[in-house]
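Asker: Test case, fold it:
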Amino acid sequence: MADQGINIVIGAGDYHNNPGWLHTQEKELNLLEEEGWRKKFAPGSVSAILAEHVWEHLTYEEGIAAAEICYRFLRPGGYVRCAVPDANFQNEVYQEGVQVGGPGSPDHPAASHKIVHDYKSLSEMFQAAGFDVKLLEFCDGQGDFHYNEWEEKDGFIYRSKRFDHRNEKEQLGFVSLIVDAIK
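Answerer: Model prediction:
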């Protein structure tokens, strides 16, 4: 799916797992500040946006607003590959670590989590912004894990079934809810 157009990683941190993509931090490109996007990109000019464990730091309403901004800057057929913690993953330690507000320590990465999505809420959020949503990895309402093949060259997600070091063979230690939201 990703082509030679503009491909952006939102909230890249210290990781540069997507060679050839523009890796950004919040201070460089804020999902909620359209003016910053306009300074860098023309509407309809972006091919792909990758956000690994970013959207959980937004409220549901902020998530829709961010998705709407992304939609405006994506070209037709462009997409957001979004990975977030999965509210339906049946692992108590995982859920404690990803819960809203984090597990207690104010310097824990999850301390700023505002929502823990399930596949329905994340899909509905992107659909509200006009996207078609394809579920790549997710746990259903019974906690059963579902996996649909996806290409890492279209946006590498470390915290996934295939790549996270905490997952071994058929034993899942850490999963993400991963979707492609397609314009």
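
Asker: in this protein, which spans are helices?
Answerer: Counting by DSSP state H, the chain has helices at residues 34-40, 60-73, 92-98, 119-128.

Asker: now the ones you listed as TSV including mean pLDDT, mean neighbour count and distance to Arg159?
Answerer: Yep, even glycine has a C-beta here, placed from its N, CA and C like the rest. Supplementary listing: the helices of the chain in TSV, determined by pLDDT from 0 to 100; neighbours: other Cβ atoms under 10 Å; distance: least, Cβ to Cβ, whole Å:
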stretch	mean pLDDT	mean neighbour count	distance to Arg159
helix 34-40	96	14	25
helix 60-73	98	20	18
helix 92-98	92	14	10
helix 119-128	98	19	15
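
Asker: Nearest to Ser47, out of those helices?
Answerer: Taking Cβ to Cβ, helix 60-73 is the member of the helices of the chain nearest to Ser47, at 10.2 Å.

Asker: Now do that closest one and helix 119-128, the angle between them.
Answerer: Counting by axes from the mean of the first three to the mean of the last three Cα atoms, to 10 degrees, helix 60-73 lies at 50 degrees to helix 119-128.

Asker: So which elements touch helix 60-73?
Answerer: Packed against helix 60-73 by the contact rule (3 or more Cβ pairs under 8 Å, 6 or more residues apart in numbering; DSSP states H and E) you find helix 34-40, strand 46-52, helix 119-128.

Asker: For the helices of the chain, could you give me JSON lines that also reports distance to Ile178?
Answerer: Putting these into JSON lines (distance: least, Cβ to Cβ, whole Å) gives the following:
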{"stretch": "helix 34-40", "distance to Ile178": "23"}
{"stretch": "helix 60-73", "distance to Ile178": "15"}
{"stretch": "helix 92-98", "distance to Ile178": "14"}
{"stretch": "helix 119-128", "distance to Ile178": "9"}
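
Asker: Which one of these lies nearest to Gly143?
Answerer: Across these, Gly143 has its closest neighbour in helix 92-98 (10.8 Å, Cβ to Cβ).
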